[in-house]
Structure formats: C-alpha cells, structure tokens
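**Student:** sequence and predicted structure are below.
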Amino acid sequence: MINLFKYSAPSTFYPLAGKLIPMFWTLAAVLGAIGLYISFFVAPTDAQQGQGYRIIFIHVPASWMSMFIYCIMAFWSLLGLTFNTRLSGMMTSALAPTGALFAFLSLWTGALWGKPMWGAWWVWDARLTSELILFFLYIGFIALQAAIDDPRRADRAGALLSLVGVVNVPIIYFSVKWWNTLHQGASVSLTKSPSMASTMLWGMLIMALSFWAYTIAVALMRARTIMLEREANTEWVHHLPEVKGAA
Amino acid sequence: MPVLSAYFAALHRDLLLVMRRKTEVLTALFFFVIVTTLLPLGIGPEPDLLRKIAPGAMWIAALLATLLGLQRLFAADYADGTLEQMVLSPEPLSVLVAGKITAHWLVCGLPLVLLAPVIGLQFDLPTDAIGILMLTLLIGTPLLSLLGAIGAALTLGARGSALLVSLLVLPLYIPTLIFGAGAVESYIAGLGAMGHFSLLGALLILAAAFAPWATTAALRISLE
Amino acid sequence: MPVLSAYFAALHRDLLLVMRRKTEVLTALFFFVIVTTLLPLGIGPEPDLLRKIAPGAMWIAALLATLLGLQRLFAADYADGTLEQMVLSPEPLSVLVAGKITAHWLVCGLPLVLLAPVIGLQFDLPTDAIGILMLTLLIGTPLLSLLGAIGAALTLGARGSALLVSLLVLPLYIPTLIFGAGAVESYIAGLGAMGHFSLLGALLILAAAFAPWATTAALRISLE
Amino acid sequence: MQWQSISDFFAMGGYGLYVWGSFGVCAVTMIAEPLLVKHRRKQALKDIRNNYLL
Amino acid sequence: MHTPALVSRNLSCIRGKQTLFQGLDLQLGSGQWLYLQGENGAGKTSLLRILAGLTLPADGDVLWQGSPISKQRSQYHQNLLYIGHNAGLKEDLTLTENLQALCRMDGLQIKDADIREALTRMGLAKRQHLPARVLSAGQKRRGLLARALLRPAKLWILDEPFNALDVNAIADVQNLLKAHLTQAGMLVLTSHQTPDLGTDAHGFVLNLSGSH
Amino acid sequence: MHTPALVSRNLSCIRGKQTLFQGLDLQLGSGQWLYLQGENGAGKTSLLRILAGLTLPADGDVLWQGSPISKQRSQYHQNLLYIGHNAGLKEDLTLTENLQALCRMDGLQIKDADIREALTRMGLAKRQHLPARVLSAGQKRRGLLARALLRPAKLWILDEPFNALDVNAIADVQNLLKAHLTQAGMLVLTSHQTPDLGTDAHGFVLNLSGSH
Ligand code: HEM
Ligand SMILES: Nc1ncnc2c1ncn2[C@@H]1O[C@H](COP(=O)(O)OP(=O)(O)OP(=O)(O)O)[C@@H](O)[C@H]1O
Ligand SMILES: Nc1ncnc2c1ncn2[C@@H]1O[C@H](COP(=O)(O)OP(=O)(O)OP(=O)(O)O)[C@@H](O)[C@H]1O
Ligand SMILES: [Mg+2]
Ligand SMILES: [Mg+2]
C-alpha cells in the first residue's frame, strides 16, 4: 500500500512509466509476431469454416480485452474514489479509448466473420448484443469525461460512472442472455465449435497476451501525456528533460 | 421529524413547480401517447404485427418519456443555485434527492402506468396481458427514475446536453426494458411472468437502496 | 454582403458551441444508434420481424434524435439574453434563425443520414432499400429541423419545457414520417418510391420557404 | 505449410475479403492509436514550453 | 442644441394590476444623456426595454428621427446598443469569440486585433482566451461592455452598467461614456450608484416614483 | 474577545494557470465581521465558496469550532447561511413559496406569518404573491435576503449582497447586518460598495491582491 502511494505520485510514476513503455512495446511486437505466425501458418484449416475462421485469432482476444479493460477501469476508479489518488483517474481515462477500440474491433471482426458464417453481418445474439452495449458504455464514459473541463471533476465523475457501469454489466449480460433464450435466439448464434484445436487455443492466448502488452504500453503513454497536460504548471514537469530539452 | 419533512419539502416543491407549468403534468403522458401512435404510422397498420410489438414498443416509449423528464431533474436547480442551497442544507442531501426522484416518478412515471391500458387496447392486447403490462410498468418506472437520476446528476454542469444523459442512461435501462417487455411477451406466450416480476422487483430494491446514494455522490462531484 | 455574413455568423457560432462540447457532435448519432438497439431488445430478435419494422423504427429514432436537439435550439439563447441581442440586430432576425436551423441540421440531422446504412445492415435490410432509406432521411431530416424550430420557438420562456416542445412538434412530424418510412416500405414491396420522394421534396420546399418566417414570428411572440 | 502461393495466401480460400478486412482494420487502428497519442504528447509539450515555462 | 433624435410620447407601462408609469414624455438629442433613477421595482428596466423596442408600451410610442421605431426596426437597431442585465454571453465561448459572434450577427466585420484591444482596455487582456464560464461576475460584465468599444452606435441604452464592477472598472466605464457623449452620442442609463459624467454634457435625471 | 469559531489555515486556491491566493490564514470570532475587498477576479467569490464548503481549496483547510468542516458538514451548515450571486430563487414560485421551500429543505418549520413579516420588512409586502419571474432585479435580491430574517444561523456569508439594491434597501440590509453582529453573529461579505456597519463591531478588511 505504502509504495502504491509512493508510485501514485505523478512525479515518480512518470519516469517509471517511461522506462516500462519500451519493454511492453517489444513484448507486444514479439508476441504479436508469434501469434500471427501461428494463426496463419501453424493453425490448420478448419473443417467447416475453411480459412475464414482465422479471424478468431483477433476476434476473440479483442472481445476478451474489451471486457477486461472495463473491469480494470472500474478497479482504478474504486481506488481513486477511496484513496483519491490523482494517478487512478489518469489511468482510468487513459484506458478508456483503448477499451473502446477493442470493443469496436470485436464488433468489426465479428461482423466480418458473421457474414460468411451466418450470411448476415449482424444477428441479435446475446453475446453480440452485450458487446455492443459494452461499446456504448465506453462511449458514454469518454463522452462524459470530454464534456467536463475541470479534470479533477472529470475524473471523479468518470470513476463513479464506471463503477455504476461495472455493477450493471453483469446484470445487462445476464438479462440479454435471458432475452435471447426467451425468443429461442436469433436464427444463428455463436456455437462453441466442438473441439477447438489446441494450436487454435495457443494462437488466441498468445494474441491475447500481445494485446495485453499493447494495452499496457498505450495506456502508459496516454497516462504520461495526460500528466503533462494536467501538471503543466508544476516544478517537476518544468524540469523534465523533454520539456527543457527543446526549450 | 425534520428528515422526513425535508424529504417532503423537496417533493412538494418540485410538484408545485410542475403544477405552475400546468401543461407539464400532461406532457410526459402525451409524449408517451404520441410515440406509440407514431409507431403504426411508421411501420404500417397490420394488427398482428402491431400486437406482436406492442409491449416492447410501449416500454420503449415509456423509457424515452421518463428520459425527457430527466434532463430537467437537476439542471434547473443547478442553474438557479437551488442545488447549492440543497448541499448547504443541514439535512442529508440524499434525502432531498430522494424527494426529487419521487417527484419525477409521480410526474413522468405514474401517469404512464395509468394510461398504459388505453394504449394497450389501441394495439388490441388481451386484457389480462394489459394487466401484466401495467404491473411491469408500475415496478419498472420507479426503477427508471432511480437509474436516470444518477445519469442526470453526473452530466450536471458538464457541457453535455439532453443527449449526453440519454447516452449514459439508456444502456442502464436495458435490463429493465428486457424484463419489463419480456414479462408481457412470455405471459402472452403462455410461459408465465413470475420470474420476470421477481427479477424486476429485485432490481428495484437494489436501485432504491443504491441509486439515491450514487446520485448524491454524483451531485457533490458535479458541484465542487 | 452583410445578410449572408450574418447568416454564417449565427451558423458558425452555434457550430463553435457544439465543438466546444466536443462530444455533442456524436451524441445525436449515438442516441440514434442506442434507440435502434433498444428495439430488438424490446420486441425480440426475430430477423424477419425486425426487417419488417426496421425502416419505420429507424425513422422514428431519427425523429426523436432531432427532437432532443431541439430543446436546446433557442432555450439557451433565451436564458442568457442572446436572443434579445439577435432581435436587436439590424440584420433580419429570420436570417439569423435560418443560420441556427442549419446548424441544428448539421449536428442532429446529417450524421444520422450517414450512419443509417450501418443500422440498416444490423437489421439486415437489402442494400438498395438502404440506399432509399438514406435518401429519404437526407430529404426528411432538414424538414424535421425546420418544423421543429417553430415548436421550439413557440414554447420559449413561458413555461416552455422539453416535453412541451415534443408535444407541439411531433404531430407536425407525422407527414414526414409517413412519407419517409412509406417510401422505403413501398420500395421493398416493389411499388417504387417516386411518389413519396416528390411529396417529401414538396414538403421540404414548403417548409424551407415558410418555417424560418414562422419561427421568427414565434420568437417575437415569446419575447414580448 | 498450407499455402501453395502468395496469391493463394491472400485469397484465404475465398475468405480473403473478410479475413484481411479484419486483420487489416485491426492493424491500422492499433498502429494509428499510438501515433495519435504521440501527437497529443507533442501538443502537450509544445503547450508547456509556450505557456508555462518562464 | 440639435433636434432631439429620440422622443417618447406619453408612454405608459402597466404590469399586472399596477401602472408603473404613465404619460411619460422624453426627448434626447445627440450629446445628451438621461439618467433614470428610482427605487427597486420603479420601472426602470421596463422603460429601457420599451425604449429599445423589446417590449411594447401599454400606450404611447417611441420615435427615432421623427418616426416610430416599430416602423423602422432595422434602421433604429443600426443606431442602438442595448446592454441589459444579461446580454448574451455564451459561457462556453471565450470573450473574443463571444464579441466576434455578437458583432458578426450585427452584420459587422471586426478584426481580432480590435477585439483584443477592446478587451485590453477593459483590463481583460489576460482573460481573452478563457471560456466565459470561469470568469468572475465582474469580468463577465466588463467583457460585455467591451462591445461598446467595437460597435458604432449613436444611442446607448445601459441597464445598471456598473453592477458587479470594481471601482477602477466603474471609472473606466464612466470615461467611456463621457467619450461617447463628446462624440455626439446619446446615452440612457440606470444605476443605483449615481454616475458622474462631468457637466459638459447635458444630463437629465428622470425620477420614477415607483409603486410600493 | 471569544475564541474564534471560524478559522482557516493556509488556504490556497488555484484556478487554471494562476494562483488566486495562497497561505491564507483567517479567524473570525462571534460578533466580528470580515469584509473582503479586491478588484474583479481577485478571488473573493472563490474564497467565499471555499469557506462555505462548496468547493475544496487546493491546499489548507477550514475549521469550525476547531474541527475541519468537511468532517462535520451537517453540523456546520446548521450554523451557516450562504447567499451568493444566484441563491436558488425559483422564477415560477412566489417569494413566499420560495422562502417556505428553502426553509423547509433546511429542516425548519416556518409560519407563513413570519414569512409575510420578513417580506414586509424587505419592502415586498405588495409583491409576496407574484411569481418571482416578474419581479425586478432588486426585488428578487431583496426576497432572497429575507431568508436572513427567517433562518437562525450564526455565520452569514454574503457575496455582494448590495448588488442591484437601491439606497433604501442597502440601508435596511446594513441595519440587518448590524443587528446580526450585535447578537454575537458572524459575517463574511464582499461588496464593491464599502459597507458601513458602524464601529462597535470589529471589522477586518482582507484585501485580495488579484492577478491582472
Ligand atoms: C462479448 C463479445 C464476444 C465474445 C466474448 C466473443 C467470443 C467468441 C468466441 C470465444 C468465439 C469462438 C468460439 C465459438 O466459435 O463460439 C467466437 C466466435 C464467433 N464470434 Fe464472437 N464474440 C463476441 C462478440 C462477437 C460479435 C460482436 C460478433 C459479430 C458481430 C461475433 C461473431 C462471431 C462469429 C461469426 C464467430 C464464429 C461463428 C461460430 O463459431 O459460431 N462475436 N466469438
Ligand atoms: N405581472 C405583474 N404583476 C404585478 N406587478 C408586476 C408584474 N410584472 C412586473 N411587475 C412589477 O413591475 C416592476 C418591474 O419593474 P422593473 O423591472 O422595471 O424595475 P426596475 O426599476 O428595473 O427595478 P430594479 O432597480 O430592481 O432593476 C416590478 O415592481 C414588478 O413587481
Ligand atoms: N480555468 C481558469 N483559468 C484561468 N483563470 C481562471 C480559471 N477559472 C477561474 N479563473 C479566474 O479566477 C478568478 C475567479 O475569481 P472570483 O470569481 O472569485 O472573482 P471575484 O473576486 O468574485 O470577482 P468579482 O468581484 O468580479 O466577483 C477570475 O479572475 C477568473 O478569471
Ligand atoms: Mg432593473
Ligand atoms: Mg464574485
């Protein structure tokens, strides 16, 4: 706890993040390369879906990330509201766009997968619908923060919203499932393909890890930028080399 | 007992304001009616089609009607400084907020419940289905007011607009919508609606316990 | 030419205000999306049913999206005295009003037209039907802004409330809705949509000539 | 090794449009995002130099 | 002295049950100013709004250059600058943007340089790029009054211009008003702090009796 | 003199780029009043809002009876009356209804007779049943100040109470303030017209330097 507080001071966090970012970029790149290799050259052609199924290697990780990131945001928010550390707010708003991006990618890749598989870009399947709603929740969060100009207020409002959201996400997901089963589902729906070859699983996992690394790297970059914007009038910022450098 | 009297003060004041703007009492109602009337105009008059979508459509209309009321829930008080005075009141803010939420429901929620049967008949729903519909609305609309209040409080002072509130609140409304409309449909389908009701009730209890508190927190945030 | 520059001044100012509220550009859009998403949740996911009601539903959603934007059209300017200054401007008020209406369409109307195809695909409409839908929206949404402005002006000041605006405006919207949604449906039914288009166009021309003037008159009345 | 030729690889057994549509958009967005952040960072630094440094 | 440009003939204003004023005759020539006095609720704002053509009098009419203002709105408003209790400041826009927009909507093209200079003269140089929302009560008022420097108008109608202003600002504004008068401008204003516009301009004091 | 009830320890307030004030120490005992001076934008309103607990200071804290106000909100607000630039007047309600509602929400039960009397003392007897919308600027302000007669509060924080008031009203209000002080009340106010509260009460003048 103690050193959490220590590192949550922007002046200490900023350089630390600076060191971490390159590491995570390389990690993301390497894992991404392996993942792509597996997904295109190792993984065999699928029996029913031919080559089309290879979309799964980004679709599923993207879907997973989109959900994870929202939970992480909620976690930071809780931290922020309880201990009100400035860092947590910055992290939350740094994560949101990336989460929205992954939600979008899940929808996009899903749609592009659905067309050949189901002959429809979109079906009102439970999982699809709840992903769409999750996307809305991200947009709402970003919209709210953008609409408040005092950053401290924006943080706290955003934090509260993401907590309210995270309480609701399971309820929403559950209710959507219920809704879908009530109507015996759309004509097609995501069928757990019987035996997902272990190479497939590996591919998805490695891709997922690469996405993780990517998320952390981007979030840290954005968080540092936000720090610069918010702490612009503080001493430690003025003494940063990148500031003094070109000045 | 001052706490109670504070609650009723907030409630009474908001109702008084609505009464002053006489039309406002009816407008939530009319909006509900008009939207439900637009539907046949938009999608054509086949009776079975209409009967099929009636419950869902009416629920969505109710959702939007309460939504419109929400934007005014705190915005006006914020603009004229009343909210400040409420924060400065020795009485707990959450009590005053609860009063305002109640007022909102009495104005934007309850009338819809009472009017639902008429609309239901227009779509020629079976009478017992209409009973179910009213019941779901009766449990559901307070839920909408409670959840909506959080969104309204969060968007205060945010340069956001009417639309921002909807953006935040509508996703939260989805479970209510699903269980509300679902209840009627599954009843019509002969599956009974007990499950839906118990779920709606649970949500309502959850929200009643949780929402005023969250709203208060949101208000404090938006005001500081 | 001062008249034109006054027009663009009003237009530019409103757009600037929207840009300040960064998100507002998108919110009309997302409201549209969310409402259309609520529909299946309310009435169930059967594709044929959805395909059948899609055009009408999307039109109603568009209607409501523009409606929400309307409350802010004049109310804010009235509250902070801008409207007074506009009345006192040597340039004709109707020109300034026209500028504001244009701004409203650019923010609340045009985006919907551009997004319509995506929603159309979600409801799995045939592509050419989607084309028709876009076209109807392109002609229809300016019509909505023009008609809406009148209502917004009428409900100013004197107890004007969000709901009251909708109350006044929605009936005016009905013809637009009928022809707009009707066009798509009759096209899908293979009857062609030429008639509807010409009617929509006629309405648009009529409104463009008539609405700014009516709005101005309404404004003067509510300012008295 | 399941690809006879490059063209075969890009054809993706007829699913080329969908597969590359997904991977392509994915790549583009995930490259664009960090670039946007970099740009924002540049802006922030510029603002500090111009308005805050004495 | 010149022929009076602004003339009012037995104006009367009725609000609810009571008559605020009745048979009010005014005339104002160029270089002259009229100072409306009266307790709270006497009817000052009401009179100013009638003179500006914002509300119609219960009786009587207002003439500009000899003909009723209702007949020549645009013409009259060309020559009029009215700044009331709240005069159209957009909280989300900066002062510069606000002034720019207001002038443009009056059909004027103003250079940003001029706006900057006007704001500087009102002591807002440092604030010109802040959203008006964050400004203090007095700064907002100053910003609005800066319009008087940008808009050439023969007749100024100001409702409590000194409200919320600090002493320096009040002095600045008074000089501004004097300058306007020496340039043959006309001025009608109300204020609960008696303004001191020197003696070289003819000032009339109209005392509205009020009604409680 | 008694132990100070309201104490602030090195308060500082930062707005955007600039610091409005820093390391501000205040203390106020019963029967004393503090008059905040400063040019437009100096930070008076900001300070008042911090003292009232409406905004958080960037640094430092405000103590009431020795403990931070954030720890004892309800307790503190029991003793506080804050009237700012706009203090919650509902345009659609009459003054009576407005005051009634405001008091009730503070958990007080007020008799209509008391409200009538308070309004009469503020010279609004004839206006008590009009919707606030139609009242004049000054009448609205008077109506709000009538709250001070109804709500027993030890500490009054008033932001430019004399704004828009006519001379008589200003005199009335000043007497009101004097009475409050003689009853061992406390008072913090800002105004651009120096108030005259007599000499028997200890008045402090705090001059905020401002920043332009
Ligand atoms: C909550 C968000 C989502 C998650 C967690 C998710 C997860 C998955 C998983 C694990 C699979 C592979 C296992 C299986 O085949 O069922 C899959 C397949 C698939 N997903 Fe998603 N997905 C999500 C959203 C979407 C969306 C939004 C779409 C379309 C717009 C979509 C379209 C598909 C398609 C077409 C398949 C392959 C078809 C099939 O296997 O039946 N998914 N998804
Ligand atoms: N509908 C009404 N019924 C009764 N009296 C009304 C009505 N409308 C307005 N009034 C009265 O008319 C007067 C309006 O006067 P006005 O606003 O011009 O005052 P003023 O001289 O500007 O006062 P201040 O110095 O406070 O600005 C007020 O006394 C108000 O009470
Ligand atoms: N975001 C911001 N950036 C820069 N300056 C700001 C910001 N927000 C507020 N300010 C400044 O802070 C000050 C607010 O001061 P405040 O409202 O307390 O003034 P005041 O002393 O009450 O003035 P008045 O006498 O006009 O009421 C103003 O100078 C304003 O310009
Ligand atoms: Mg007045
Ligand atoms: Mg102030």
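**Tutor:** Done, it's in. Ligands and ions are numbered 1, 2, ... in the order given.

**Student:** need phi/psi at residue E:194.
**Tutor:** Main-chain dihedrals, residue E:194, degrees, to the nearest 10: phi -60, psi 120.

**Student:** so what's it up against?
**Tutor:** Contacts of residue E:194 were listed using C-beta atoms under 8 Å, 6 or more residues apart in numbering or on different chains, and they are E:35, E:37. Heads up, the C-betas are built off the backbone N, CA and C, glycines and all.

**Student:** pLDDT score assigned to it?
**Tutor:** Residue E:194 is assigned a predicted lDDT (pLDDT) of 85.

**Student:** same thing with residue E:199?
**Tutor:** Looking at residue E:199, its pLDDT is 64.

**Student:** hey, where'd the helices end up in chain D?
**Tutor:** Along chain D, counting by DSSP state H, helices occupy D:6-11, D:16-47.

**Student:** can you map out the strands along chain E?
**Tutor:** Using DSSP state E, the strands found in chain E span residues E:6-15, E:18-28, E:33-38, E:59-64, E:67-68, E:80-83, E:155-159, E:186-190, E:203-208.

**Student:** contacts for the last one, please.
**Tutor:** It refers to strand E:203-208. E:20-21, E:26, E:28, E:32-38, E:42-44, E:47, E:197.

**Student:** could you give the average pLDDT over that strand?
**Tutor:** For strand E:203-208, mean pLDDT is 71.

**Student:** and the pLDDT at the residue of chain B positioned farthest from its centre?
**Tutor:** Distance from the C-alpha centroid of chain B, by C-alpha atoms, centre = their mean, peaks at residue B:46 (29.7 Å). Looking at residue B:46, its pLDDT stands at 83.

**Student:** just residue A:69 next, same as before
**Tutor:** Predicted confidence (pLDDT) for residue A:69: 95.

**Student:** what strand or helix carries it?
**Tutor:** Element membership for residue A:69, per DSSP states H and E: helix A:56-83.

**Student:** swap in residue B:125?
**Tutor:** Short version, using DSSP H and E: residue B:125 is in no helix or strand.

**Student:** re earlier: quick one: the helix holding residue A:69 near chain F?
**Tutor:** No. Against chain F, helix A:56-83 shows no contacts by C-beta under 8 Å from any C-beta of the partner chain, the least distance being 14.7 Å.

**Student:** got the angle between that helix and helix D:16-47?
**Tutor:** Helix A:56-83 runs at 30 degrees relative to helix D:16-47, counting by axes from the mean of the first three to the mean of the last three C-alpha atoms, to 10 degrees.

**Student:** helices or strands up against helix A:56-83?
**Tutor:** helix A:86-118, helix A:126-147, helix A:151-182, helix A:198-230, helix D:16-47 (3 or more C-beta pairs under 8 Å, 6 or more residues apart in numbering or on different chains; DSSP states H and E).

**Student:** now render those as JSON lines, adding mean neighbour count and distance to ligand 2.
**Tutor:** Below are the helices and strands packed on helix A:56-83 laid out as JSON lines (neighbours: other C-beta atoms under 10 Å in any protein chain shown; distance: least, C-beta to the nearest ligand atom, whole Å):
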{"stretch": "helix A:86-118", "mean neighbour count": "23", "distance to ligand 2": "45"}
{"stretch": "helix A:126-147", "mean neighbour count": "23", "distance to ligand 2": "35"}
{"stretch": "helix A:151-182", "mean neighbour count": "21", "distance to ligand 2": "35"}
{"stretch": "helix A:198-230", "mean neighbour count": "21", "distance to ligand 2": "43"}
{"stretch": "helix D:16-47", "mean neighbour count": "16", "distance to ligand 2": "44"}
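
**Student:** out of these, nearest to chain F?
**Tutor:** helix A:151-182 (8.6 Å; C-beta to the nearest C-beta).

**Student:** can you list the weak-confidence ranges in chain E?
**Tutor:** By pLDDT under 70, the weakly predicted segments of chain E are E:1-2, E:199-203, E:210-212.

**Student:** chain D now?
**Tutor:** D:1, D:12, D:54.

**Student:** remind me which residues of chain A are low pLDDT?
**Tutor:** For chain A, counting by pLDDT under 70, the residues that fall below are A:1-7, A:46-49, A:182-197, A:245-247.

**Student:** now with 90?
**Tutor:** Applying pLDDT under 90 to chain A flags residues A:1-13, A:36-57, A:81-87, A:110-130, A:143-153, A:167-204, A:229-247.

**Student:** what residues does it have near chain F?
**Tutor:** So chain A meets chain F at residue A:233 (C-beta under 8 Å from any C-beta).

**Student:** most proximal residue of chain A with respect to chain E?
**Tutor:** Using C-beta to the nearest C-beta, the single residue of chain A nearest to chain E is residue A:149, 7.5 Å away.

**Student:** confirm that residue sits in a strand?
**Tutor:** No. Going by DSSP: H, G, I helix; E, B strand; the rest coil, the assignment for residue A:149 is coil, not a strand.

**Student:** number of residues surrounding the residue nearest to residue A:159 when sequence neighbours are not counted?
**Tutor:** Excluding its sequence neighbours, the residue lying closest to residue A:159 (C-beta to C-beta, 6 or more residues apart in numbering or on different chains) is residue A:77, at 3.6 Å. When neighbours are counted by other C-beta atoms under 10 Å in any protein chain shown, residue A:77 registers 26.

**Student:** kindly reformat the strands of chain E as TSV containing distance to residue B:176.
**Tutor:** Formatted as TSV, these follow (distance: least, C-beta to C-beta, whole Å):
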stretch	distance to residue B:176
strand E:6-15	48
strand E:18-28	52
strand E:33-38	57
strand E:59-64	58
strand E:67-68	60
strand E:80-83	49
strand E:155-159	50
strand E:186-190	54
strand E:203-208	58
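
**Student:** measure the nearest residue to residue E:91 once chain neighbours are set aside to residue E:127 for me?
**Tutor:** Spatial nearest neighbour of residue E:91, chain neighbours left out: residue E:133 (4.0 Å); criterion: C-beta to C-beta, 6+ apart. Per C-beta to C-beta, to the nearest Å, residue E:133 is found 12 Å from residue E:127.

**Student:** between those two, which is the more surrounded one?
**Tutor:** Between residue E:133 and residue E:127, counted using other C-beta under 10 Å, residue E:127 has the larger neighbour count: 24 against 16.

**Student:** so that one touches residue E:135, yeah?
**Tutor:** Yes. Because the distance of 6.1 Å satisfies C-beta atoms under 8 Å, residue E:127 is recorded as touching residue E:135.

**Student:** count the neighbours of residue B:43 for me.
**Tutor:** Neighbourhood size, residue B:43 [other C-beta under 10 Å]: 22.

**Student:** what sits against it?
**Tutor:** Taking C-beta under 8 Å, 6+ apart, we find residue B:43 in contact with B:49, B:50, B:53, C:52, C:53, C:55, C:56, C:57, C:181, C:185.

**Student:** in a helix, the fifth one, correct?
**Tutor:** Yes. Using three-state DSSP, the assignment for residue C:53 is a helix.

**Student:** and for the residue of chain B found nearest ligand 5, the neighbour number?
**Tutor:** Closest contact between chain B and ligand 5, by C-beta to the ion, is at residue B:81 (13.3 Å). Using other C-beta under 10 Å, residue B:81 has 18 neighbouring residues.

**Student:** residue E:119 is in contact with residue E:147, isn't it?
**Tutor:** No. Under the criterion of C-beta under 8 Å, residue E:119 is not in contact with residue E:147, lying 10.6 Å apart.

**Student:** next, show the common contact partners of these two.
**Tutor:** Each of residue E:99 lies in contact with both residue E:119 and residue E:147 under the rule C-beta under 8 Å, 6+ apart.

**Student:** show me the contacts for the residue in chain D positioned nearest to ligand 1.
**Tutor:** Per C-beta to the nearest ligand atom, residue D:18 is where chain D lies closest to ligand 1, at 9.7 Å. Counting by C-beta under 8 Å, 6+ apart, residue D:18 touches A:52, A:55, A:112, A:113, A:115, A:116, D:12.

**Student:** on that earlier part again, for residue B:76, find the nearest of the helices of chain D.
**Tutor:** Nearest to residue B:76 among these is helix D:16-47; the distance by C-beta to C-beta comes to 36.5 Å.
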